[in-house]
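K.L.:
Sequence plus predicted model, see below.
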Amino acid sequence: MKEFERENIELLWEDDRWDGPLSGVCKIEDREYYFKLYDEHEVFWEDEDRIDEEIFDRVRWFLVYELTPEEMKIEHEQHKLFQEAIEAWGNDRQDLLDRFYKLRKETYKKPDFAKGKVIGWFIDD
């Protein structure tokens, strides 16, 4: 499995986020892939200049999946719907955003990661 350098990866959008991206679509060498959090660790240390203060950093490992053309088409469609909902939400149309999440919950078919082709991984810190 290939390690990709983070500076060679363009995160196009996130499907999920918690203190940073958890999953979404990225571009590597002009091809689109799906990335998904595999593992994360928090690293703590003490700084001599800051007495009694702990500093931590989060390191996340992501797997990069090659999706089928149909799965990638679904990701693009979902992202487009989300963008439209966000634009409407900015115009105080919460109902459209609510409908988006309801529709996504009812109809969205996640990629089958058990059968997915992992082409590599990267670290984001």
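P.N.:
Nice, I can see it.
K.L.:
Just checking, which helix or strand of this structure averages the lowest pLDDT?
P.N.:
Lowest by mean pLDDT, DSSP states H and E among the helices and strands of the chain is helix 94-107, with a mean of 80.
K.L.:
now for that helix, which elements pack on it?
P.N.:
helix 69-89 (3 or more Cβ pairs under 8 Å, 6 or more residues apart in numbering; DSSP states H and E). For the C-beta atoms, the positions are set from N, CA and C on the backbone; glycine is no exception.
K.L.:
which helices and strands does the helix it packs on pack with?
P.N.:
strand 9-17, strand 21-28, strand 31-46, helix 94-107.
K.L.:
thinking again about what came up before, pull the least confident helix or strand of the chain out as CSV, backbone CA atoms only.
P.N.:
Taking C-alpha atoms only, helix 94-107 is exported to CSV below (Å, rounded to 0.1, in the frame of the first residue of the first chain):
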residue,chain,number,x,y,z
GLN,A,94,-33.8,25.7,6.9
ASP,A,95,-36.5,23.5,5.4
LEU,A,96,-34.3,22.7,2.4
LEU,A,97,-31.4,21.7,4.6
ASP,A,98,-33.7,19.6,6.7
ARG,A,99,-35.0,17.9,3.6
PHE,A,100,-31.4,17.3,2.4
TYR,A,101,-30.5,15.4,5.5
LYS,A,102,-33.8,13.5,5.5
LEU,A,103,-33.3,12.5,1.9
ARG,A,104,-29.7,11.6,2.5
LYS,A,105,-30.6,9.4,5.4
GLU,A,106,-33.3,7.6,3.4
THR,A,107,-31.5,7.2,0.0
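K.L.:
No more questions from me, cheers.
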